[in-house]
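> Sequence first, then the predicted structure, then my questions.
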Amino acid sequence: MALDVVGYSRLMGRDESGTLQRLRDYRRNFLEPALSRHGGRLVKLTGDGALAEFASAVEALGAALEFQQTVADANHDQPEGATLVFRMGLHVGDLIVDGDDLYGDGVNVAARLEAEAPGGGIVISRTVQEAVAGRLKASFDDLGSLALKNIERPVHAFGVKWEAIDWKVPAAAFASIGQATPIADGPLPLPDKPSIAVLPFVNMSGDPDQEYFTDGITEDIITELSRFHSLFVIARNSSFSYKGKSPDTRQVGRELGVRYVLEGSIRKSSNRIRVTGQLIDTLTGSHIWAERYDRVLEDIFAVQEELTRAIVGAIAPQIESTEQSKATRRHPSNLTAYEIALRSRAHAMEGYDKADGALIDRSIREAKEALAIDPNCVPALLALARAHGNALLNQMATDQENAVREATWAVTRAIELDGTDAFAYALRGFLLMLSYQIDRYPAGLADAFHAHEMNPNDPTVLRFLGALEAGQGDGERAIEHLHQALRLSPRQSRSHEIFQILSYACFIAKRYTEGIGWALRALNEVPTFPSTHSCLVYCLVGAGEIEKAKAAFSVGQRLAPIYFRGRLEGMSNAARPEDRRRVQTFCRVAAGLEDPSAADAVR
């Protein structure tokens with residue numbers, strides 16, 4: 001992404017100091033938050049412009065649209081001469097990384113496309129348009145093939161058009177425009193979702209040459225956390241203003257307006273490296289999470305990537321769990337839509353674990369209560385979809401067709417409101433499997449793969465992807481992705497769900513003994529989970545442990561009679577006929593309705 005100010009020289013001629021101050025303000029209040037929310041990295045500033053890179057074309061254009069609309073809204077009430085207007089160019093292409101700078105044809109084309117954009121506008125190349133078409137609220141004017149300066153071949157380009165209402169951000173996001181100080185005088189209000197600042201990790205090695213590695217870890221964590229749209233993440237430039245200092249985390253929370261701060265240190269000795277991190281609640285000063293990582297330093301970039309994934313995969317679920325706990329403890333009066341949505345989600349998961357229909361119904365009521373307050377509350381929409389999904393998974397939905405319909409509507413609406421939320425896509429894919437629409441499984445798997453591309457560090461996305469892969473019959477691939485989920489977040493509170501799906505994936509892959517182990521681990525954590533009991537039955541019969549399978553079936557049937565009756569009748573979310581036949585046959589053998597030799601025929 002390349003951008004610059006229209007008529008910058010003229011503005012500087014009129015008011016040099018004022019123009020420079022406004023440029024700094026626009027960057028701090030508009031550009032940096034947009035980059036942070038969409039996983040972008042500010043590569044460099046170029047006088048009146050900037051260059052940024054993204055891992056996703058959808059995120060890049062989303063950031064550009066948000067930035068231009070925010071600038072337009074902020075400029076609306078400003079006097080003439082006190083506003084800046086930007087033009088932007090986006091291109092997908094190969095890059096050459098040289099330290100903190102980027103070079104190459106991709107950068108050159110983006111810069112030339114920016115020069116073709118009108119004031120306040122965005123011009124993109126065809127490669128960007130093809131990647132984002134149908135995935136963002138925007139339309140495109142075909143500009144044809146443009147002959148760009150110093151670019152050998154013509155570039156097919158498109159102008160971007162959008163409705164202002166689709167890309168507005170809260171007025172508070174640019175309330176401080178025109179202020180000269182980078183940090184407000186008083187404490188900033190907390191956003192309406194979990195907020196975090198990642199302070200620069202401290203280089204404890206005593207070797208200045210390791211500073212680049214330490215800063216790289218910090219920057220990567222900021223970028224990867226920004227992929228979680230349930231989090232508000234402070235941009236790199238603000239976090240790095242604390243570099244070389246030892247700030248009090250409570251003061252950081254007040255100055256940046258965040259609830260959580262991640263801080264850490266890195267120490268290198270010979271060919272080994274130790275990274276420590278701790279997550280702190282800035283309101284109480286208490287430590288929520290802490291971990292130490294020791295690695296052998298062979299490929300420095302591979303180690304940097306591994307450590308980033310491990311830290312991000314651990315703290316994102318930890319923040320989510322902490323927020324849910326706070327919401328459920330608060331007095332129910334005067335809760336916001338977001339807080340009610342958190343309660344709904346917590347009750348949906350509790351009802352799922354306990355096979356408690358009353359808790360699921362309560363979750364659905366709470367999600368609808370939150371939507372009555374704010375119909376566009378994405379967390380409430382996702383909570384509603386998840387609650388119905390959990391009822392479908394445990395066969396507790398009293399009206400299955402209505403549950404499928406309402407869940408599908410809710411998650412689709414959530415995607416319409418925030419098309420960059422990876423979890424929403426993964427949930428939509430998972431719902432297709434829960435609705436037993438086998439012919440639509442490929443679409444569900446495509447949603448899950450898309451979610452994984454958007455955020456490869458989300459254990460929940462990996463869990464849904466693994467479940468869909470197992471349902472499609474690819475047990476080995478599912479096992480691989482589920483192990484990645486465990487690796488990213490080995491201590492998350494809902495590991496039993498991954499254990500259960502691993503057991504199912506092992507059944508699909510005919511790794512029965514391994515599947516028994518995973519099912520027992522899941523039941524050790526949550527003994528009331530019907531799906532786990534059924535997986536244990538499948539794998540025990542598959543391994544030839546018929547008497548143990550009969551005992552497991554009896555326990556599961558007492559716990560969830562409707563669920564197990566469905567399995568006896570052939571109900572299964574497996575796509576392949578042979579897998580569905582194994583499910584029914586193994587359950588019937590465990591129930592004593594068929595001879596064990598029937599299992600031998602399909603084992």
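Now that the structure is in, tell me what you want to look at.

> What residues sit buried inside the host helix or strand of residue 314?
If you go by DSSP states H and E, residue 314 is part of helix 300-329. By 16 or more other Cβ atoms under 10 Å, the buried positions in helix 300-329 come out as 303-304, 307-324, 327. (Glycine included, C-beta is placed from N, CA and C.)

> other SSEs contacting that helix?
In terms of contacts (3 or more Cβ pairs under 8 Å, 6 or more residues apart in numbering; DSSP states H and E), helix 300-329 is packed against helix 211-225, strand 260-269, strand 272-281, strand 287-296, helix 337-354, helix 459-472, helix 475-488.

> Remind me which helix or strand residue 148 belongs to.
Going by DSSP H and E, residue 148 is not in any helix or strand.

> Check the one 10 residues further on too.
Assessed by DSSP H and E, residue 158 sits inside strand 155-161.

> what residue ranges in the stretch 51-200 of the chain score low on pLDDT?
The model of the stretch 51-200 of the chain has pLDDT under 70 over residues 79-82, 94-104, 170-189, 192.

> my read: residue 543 touches residue 510, true?
No. Counting by Cβ atoms under 8 Å, residue 510 is not a contact partner of residue 543; they are 10.1 Å apart.

> Looking at those two, which is more packed in?
residue 543 (17 against 13; other Cβ atoms under 10 Å).

> Report pLDDT for that one.
With respect to pLDDT, residue 543 scores 96.

> check contacts around it.
By Cβ atoms under 8 Å, 6 or more residues apart in numbering, the contact list for residue 543 reads 512-513, 516.

> Then residue 194?
By Cβ under 8 Å, 6+ apart, the residues touching residue 194 are 230-232, 259-260, 319-320, 323.

> at 6 Å what do you get?
Counting by Cβ atoms under 6 Å, 6 or more residues apart in numbering, residue 194 touches 231, 319, 323.

> wait, what's in contact with the first one?
In other words, residue 231. By Cβ under 6 Å, 6+ apart, the contact list for residue 231 reads 194, 225.

> Centre of the chain to stretch 445-457, how far?
Here the centre of stretch 445-457 is set off from its chain's centre by 9 Å, with Cα atoms, centre = their mean, to the nearest Å.

> Return the set of buried residues in it.
Buried, per 16+ other Cβ under 10 Å, within stretch 445-457: 445, 447-452, 454-457.

> Any chance of JSON lines for those, columns distance to residue 20, secondary structure and pLDDT?
Conversion of those to JSON lines gives the following (distance: Cβ to Cβ, whole Å; DSSP: H, G, I helix; E, B strand; the rest coil; pLDDT from 0 to 100):
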{"residue": "445", "distance to residue 20": "51", "secondary structure": "helix", "pLDDT": "93"}
{"residue": "447", "distance to residue 20": "46", "secondary structure": "helix", "pLDDT": "94"}
{"residue": "448", "distance to residue 20": "47", "secondary structure": "helix", "pLDDT": "94"}
{"residue": "449", "distance to residue 20": "46", "secondary structure": "helix", "pLDDT": "93"}
{"residue": "450", "distance to residue 20": "42", "secondary structure": "helix", "pLDDT": "92"}
{"residue": "451", "distance to residue 20": "42", "secondary structure": "helix", "pLDDT": "91"}
{"residue": "452", "distance to residue 20": "43", "secondary structure": "helix", "pLDDT": "91"}
{"residue": "454", "distance to residue 20": "37", "secondary structure": "helix", "pLDDT": "87"}
{"residue": "455", "distance to residue 20": "37", "secondary structure": "coil", "pLDDT": "83"}
{"residue": "456", "distance to residue 20": "40", "secondary structure": "coil", "pLDDT": "84"}
{"residue": "457", "distance to residue 20": "38", "secondary structure": "coil", "pLDDT": "76"}
